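Enquirer: sequence plus predicted model, see below.
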Amino acid sequence: MRALHIITGLGVGGAEQQLRLLLRHLPVHCDVVTLTNPGPVAAGLAADGVRVVDLGMTGNRDLAALPRLARVVRRGRYDLVHTHLYRACLYGRIAARLAGVRAVVATEHSLGDSQMEGRPLTAGVRGLYLLGERLGRSTVAVSPTVAERLGRWGVPGPRIAVVPNGIDRARFAFDPAARRRVRDELGLATDAFVVGGIGRLAPGKRFDVLIHALAGLPADCRLLLVGGGPEEDALRRTARAAGVSGRVLFAGERPYLPDGSPGPALPALASAMDVLASPSPEEAFGLAAVEALAAGLPVRYTSCPALQDLPPEAAPDAVRVPCDAGAYARALAAVRAAGPGPRTAPEAARHYCITRSAARLMEVYTAALAPASTRVPVQQGARPS
């Protein structure tokens, strides 16, 4: 089987890094087209031996990119096209149809209750999404929560398949040597209590809540923010105004997998933390929280469908906290007072295995490629138990 993955960009982000990890486990020949921004993940994919094509799209309304994309699909003689993220899903589905490929699968990575990839869910966004969705065979939801949102939007249930995001649990296993090394590199004291925040520095992630919470925590507490984005300058100003700028560290974008760039990769940074805090009120999956659990970290979160879709005993040290600075200050102070735990991964981290996700996706591919007369819809599946 030959499959083409089309994605909006390949900067360091959850969907982008998930794609790279997934391609390492799919038993399929895969190429990748990025509509724009062939960033660090593109370089990582190339290092893995994956062919990456940069379409050079100049904006959302660059319609000239559509025939170029259709030519790439046609020349590759692909059996299946798999699209990721809003713009790529729209252009990719149309291009696949123009090229004669009818087996089209799309993954919905970022659908929230009020926004998608930072854009408000207006009637126009919804209408365009549903128009494009009908050009494919199946829409993959990264959690049952997202599947329910798609259903409320109007996507027919038989067209929705749940394939959760996956992690490489062994890569995130707690590493005491990495903890010492990273803390030394970042200038963090051995006995400092480090609160981690992982994700794009965008308004919806609400990392400002953690900065204000830090101001209410003892002086030995530090906040380590891992990610890049448009909100970084505003967050730095917030830290200065709160009087904690010397206690907030911005680590920048960090790869999930080693890619030759300087500085520690994400798993090593997780080993250096004492707790992961995620104040985002709206998530589609909550990959950072699951990765943190794999590193044996306690997790305090506001929204995480990946954990909310599991029974509480699957992650006993993952606790929901309101998106409020005072609530986070109290929750983090309680973690600090409890002292360090054993840093072992709970069942929730084992549940979201990348090999299981890849096998589930292959079932979706098989159904999409089946003749119409024999095609059986891939069932959404119940919430995990």
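Expert: Received it, and whenever you're ready, just let me know what you need.
Enquirer: what residues are up against residue 225?
Expert: Residue 225 is in contact with 197-198, 201, 207, 210, 235, 248-251, counting by CB atoms under 8 Å, 6 or more residues apart in numbering. C-betas here are computed from N, CA, C, even on glycine.
Enquirer: that's a helix at it, yeah?
Expert: No: counting by DSSP: H, G, I helix; E, B strand; the rest coil, residue 225 is located in no helix; its state is strand.
Enquirer: list the beta-bridge partners for it.
Expert: Beta bridges link residue 225 to residue 197, residue 250 when assigned by DSSP bridges.
Enquirer: use 23 as the first number from now on
Expert: All set: I'll call the first residue 23, so the last point we hit is now residue 247.
Enquirer: and it, how far from residue 352?
Expert: From residue 247 over to residue 352 the distance is 21 Å, taken as CB to CB, to the nearest Å.
Enquirer: picking that back up, so can I have a markdown table of the contacts of residue 247 showing pLDDT, distance to residue 125 and neighbour count?
Expert: As requested, the contacts of residue 247 are exported to a markdown table (pLDDT from 0 to 100; distance: CB to CB, whole Å; neighbours: other CB atoms under 10 Å):
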| residue | pLDDT | distance to residue 125 | neighbour count |
| --- | --- | --- | --- |
| 219 | 98 | 39 | 26 |
| 220 | 96 | 35 | 25 |
| 223 | 95 | 37 | 22 |
| 229 | 98 | 40 | 29 |
| 232 | 98 | 43 | 26 |
| 257 | 98 | 43 | 22 |
| 270 | 98 | 47 | 22 |
| 271 | 98 | 46 | 15 |
| 272 | 97 | 43 | 15 |
| 273 | 95 | 40 | 21 |
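Enquirer: in stretch 108-128, what's buried?
Expert: Burial within stretch 108-128, assessed by neighbour count using 16 or more other CB atoms under 10 Å, is assigned to 108-119, 121, 123, 125-128.
Enquirer: same check, this time on stretch 55-73
Expert: By neighbour count with 16+ other CB under 10 Å, stretch 55-73 contains the buried residues 55-67, 72.
Enquirer: pLDDT for these - can I get that in TSV?
Expert: Conversion of the buried residues of stretch 55-73 to TSV gives the following (pLDDT from 0 to 100):
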residue	pLDDT
55	98
56	97
57	97
58	95
59	88
60	92
61	88
62	88
63	91
64	94
65	91
66	91
67	94
72	97
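Enquirer: residue 50 touches residue 26, doesn't it?
Expert: No: between residue 50 and residue 26 there is no contact under CB atoms under 8 Å: 10.4 Å.
Enquirer: which stretches in the stretch 223-372 of the chain count as strands?
Expert: If DSSP state E, counting those that start in this stretch is used as the criterion, the strands of the stretch 223-372 of the chain fall at 243-248, 270-274, 297-300, 321-323, 340-342.
Enquirer: if we compare those, which one ends up closest to residue 138?
Expert: Each of the strands of the stretch 223-372 of the chain has some distance to residue 138 by CB to CB; the shortest is strand 297-300, at 18.7 Å.
Enquirer: now for that closest one, which elements pack on it?
Expert: The helices and strands touching strand 297-300, judged by 3 or more CB pairs under 8 Å, 6 or more residues apart in numbering; DSSP states H and E, are strand 215-220, helix 309-316, strand 321-323, helix 347-360.
Enquirer: looking at the ones you listed, which is nearest to residue 171?
Expert: So among the helices and strands packed on strand 297-300, helix 309-316 is nearest, using CB to CB, at 17.1 Å.
Enquirer: what's the angle from the closest one to strand 243-248?
Expert: Using axes from the mean of the first three to the mean of the last three CA atoms, to 10 degrees, one finds that helix 309-316 and strand 243-248 are set 120 degrees apart in direction.
Enquirer: may I have helix 309-316 as CSV, with CA atoms only?
Expert: Below are the C-alpha coordinates for helix 309-316, written out as CSV (Å, rounded to 0.1, in the frame of the first residue of the first chain):
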residue,chain,number,x,y,z
LEU,A,309,-1.2,14.4,24.7
ALA,A,310,1.2,16.3,27.0
ALA,A,311,-0.6,14.9,30.1
VAL,A,312,-0.3,11.4,28.9
GLU,A,313,3.3,11.8,28.1
ALA,A,314,3.9,13.2,31.6
LEU,A,315,2.2,10.2,33.1
ALA,A,316,4.5,8.0,31.1
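Enquirer: list the helices and strands that helix packs on?
Expert: Taking 3+ CB pairs under 8 Å, 6+ apart as contact, the helices and strands that helix 309-316 lies on are helix 36-45, helix 191-194, strand 215-220, helix 288-294, strand 297-300, strand 321-323, helix 327-330, helix 369-373.
Enquirer: list the helices and strands the fourth one packs on?
Expert: Just to be clear, that refers to helix 288-294. When contacts are defined as 3+ CB pairs under 8 Å, 6+ apart, helix 288-294 packs onto helix 191-194, helix 198-208, strand 215-220, strand 243-248, helix 309-316.
Enquirer: that older thread, which one's more surrounded, residue 50 and residue 26?
Expert: A direct count of neighbours by other CB atoms under 10 Å for residue 50 and residue 26 places residue 26 higher, at 28 against 17.
Enquirer: just to revisit the earlier point, okay, the strands of the stretch 223-372 of the chain in TSV with distance to residue 199 next?
Expert: What follows is the strands of the stretch 223-372 of the chain, written out as TSV (distance: least, CB to CB, whole Å):
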stretch	distance to residue 199
strand 243-248	18
strand 270-274	19
strand 297-300	20
strand 321-323	23
strand 340-342	26
